[in-house]
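**Student:** Pasted the sequence and its predicted model underneath.
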Amino acid sequence: MIAVVTGANRGIGRAIAVRLAADGAKLVLCARDEALLEETAAAIGGACVVPIDLRLPEAGQRVVDAALEAYGALDVVVNNAGATKRGDFEALTDEDWIDGYALKLFGTVRLTRAAWPHLRERGGSVVNIAGSGGRTPGAQFTIGGSVNAALLSFTKALADLGLRDGVQVNCINPGPVKTARFDKRLAQTAAEHGVDLAAALEIFIGEEKISKVGEPEDIAALAAFILSPHGRLLHGSLIDADGGLTKTV
């Protein structure tokens, strides 16, 4: 398996890269931070590293070209890159909204479009990493919720095309996961309640009405299953991995 993983320098993307490498995949790692990408590559015993800003219109094609140059083929694209700004709706600017869509949605669209002919040739797979906000939006997550909702719709449409072309397409919706971004939210909760981080975590779990906060490795394990022969029945699936955060049917 030859797989592109975007946002592979930290958090969920890094965990997916590590897991796929352990399962024998050859990796193409993409993110803006070259130093952290090189650390991920070293951790998995080597990979093709592409430090790039996926907001650039030509970036998707450049990543695919790098994969073909390194390995001669492409089987999998994991679209994980993209964080959106939280905050009060009235304070979020046009630039905040444009930036949120530029990376997480348009970066995904462009990379997938460039990769599609090669995925079709190999009977490959696309896994989009969206987020629970796409189905359960919140007042502080107007950008992220709408971008994730767009990714869910994109996944369903692309899965229909995948039936014609023999390409598997699915989407994972992580809930709260212990990443650097979550650590900041947890520290804020601790400060607001005057408690330590362990107590803040319990408060957070109670307030969000979830069973637990996930680990990046939880999402990586799910992605690995989807991409395994056992996961091939999954197609056009929008999978909530959120500890019960999503209450809607």
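**Tutor:** Arrived safely, thanks for sending. Numbers count the residues shown, from 1 in each chain.
**Student:** tell me the contacts of A241?
**Tutor:** Taking C-beta atoms under 8 Å, 6 or more residues apart in numbering, we find A241 in contact with 172-175, 214, 218-219, 222. C-beta here means a position set from N, CA and C on the backbone, and glycine is covered the same way.
**Student:** Spatially central residue in this structure, please.
**Tutor:** The residue lying closest to the centre of the chain (C-alpha atoms, centre = their mean) is N80, at 2.4 Å.
**Student:** From L186, how far out is that one?
**Tutor:** 21 Å (C-beta to C-beta, to the nearest Å).
**Student:** same question, L158
**Tutor:** Distance from L158 to L186, by C-beta to C-beta: 34 Å.
**Student:** So for those two, which residue has more residues nearby?
**Tutor:** Counted by other C-beta atoms under 10 Å, L158 and L186 do not tie: L158 has more neighbours, with 22 against 19.
**Student:** I figured the more buried one hits A115, correct?
**Tutor:** No - using C-beta atoms under 8 Å, L158 is not in contact with A115, being 11.4 Å away.
**Student:** residue at max distance from the center of this structure?
**Tutor:** Max radial position in the chain (C-alpha atoms, centre = their mean) goes to G194, at 32.6 Å.
**Student:** Please report phi then psi for that one.
**Tutor:** phi 70, psi 40 (degrees, to the nearest 10).
**Student:** do V126 as well
**Tutor:** The phi and psi torsions at V126 (degrees, to the nearest 10) take the values phi -120, psi 130.
**Student:** Neighbours of the nearest residue in space to it that is not next to it in sequence, how many?
**Tutor:** Nearest residue to V126 in three dimensions, chain neighbours excluded: V169, at 4.7 Å (C-beta to C-beta, 6 or more residues apart in numbering). Neighbours of V169 under the rule other C-beta under 10 Å: 27.
**Student:** which residues are contacting the lowest-mean-pLDDT helix or strand in the chain?
**Tutor:** Ranked by mean pLDDT, DSSP states H and E, the helix or strand of the chain with the weakest confidence is helix 180-193, at a mean of 89. In this structure, residues lying in contact with helix 180-193 by C-beta under 8 Å, 6+ apart are 10-11, 83, 176, 196-197, 199-201, 203-204, 213.
**Student:** Show me what the helix or strand where I239 lies pairs with in its sheet, parallel or antiparallel.
**Tutor:** Using DSSP states H and E, I239 sits within strand 238-241. Strand 238-241 pairs in its sheet with strand 168-174 (parallel), by DSSP bridges.
**Student:** Can you tell me what sits against the partner strand?
**Tutor:** 12, 124-132, 134-135, 148, 151-152, 155, 158-159, 161-162, 214, 219, 222-223, 226, 232, 234-242, 246.
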